[in-house]
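Student: what follows is a predicted structure for the sequence shown.
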Amino acid sequence: LHEDLDGRCRQLQQALSETNIAHIHINDRHQELRNRVEGLNDRHLDLVKSSQELRQADDAQAAALKRLASGAEKQRRDAERSLAQLDDRSKSLELAVLELQNADDKLAKAVKVAKQDAELHKSLIDQLHGGKGDSGPRPADIHARM
């Protein structure tokens, strides 16, 4: 009986020793899992933070793009307005050039008529002073005055 109890006690001690070893292995595995979970949690928090930063950067980029688009639209409107003003000025200049050409043509005609009148007056004066010699103005003097 004593040997039987002694054998059983040895078996229990061996089972207890194996259980302690298994417990140590389980604790080691548990600690590894805990470390792995903490690492995964840290990675998750980093991903969440990166996601938030990305969302903020995306929002900032969208706002910058809207500002850029509104600036481009404003410049386009300004350019259209400037082009319209330039077009109006070009039309005004064209009209002014046409008016100047018309005035120049009229002036040229008036000069031509005045020359013809001067020639006519000169010939009349020459006819009137034709025989008197030095008593009146010479035709060259009259012509030079005109």
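Tutor: The structure has been received and is ready for your questions.
Student: residue ranges in the protein under the pLDDT threshold?
Tutor: 131-146 (pLDDT under 70).
Student: what about the helices in it?
Tutor: Listed in chain order, the helices found in the chain under DSSP state H are 2-128, 139-145.
Student: got a markdown table for these, with mean neighbour count too?
Tutor: Every residue, glycine included, has its C-beta placed from N, CA and C. Output for the helices of the chain, formatted as a markdown table (neighbours: other C-beta atoms under 10 Å):
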| stretch | mean neighbour count |
| --- | --- |
| helix 2-128 | 10 |
| helix 139-145 | 11 |
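Student: and the contacts of stretch 48-55?
Tutor: Residues outside stretch 48-55 that contact it (C-beta atoms under 8 Å, 6 or more residues apart in numbering): none are found.
Student: I'd like the numbering to begin with 393 instead of 1 from here.
Tutor: Understood, numbering begins at 393; the last thing we discussed is stretch 440-447.
Student: distance between that stretch and the chain's centre?
Tutor: 30 Å (C-alpha atoms, centre = their mean, to the nearest Å).
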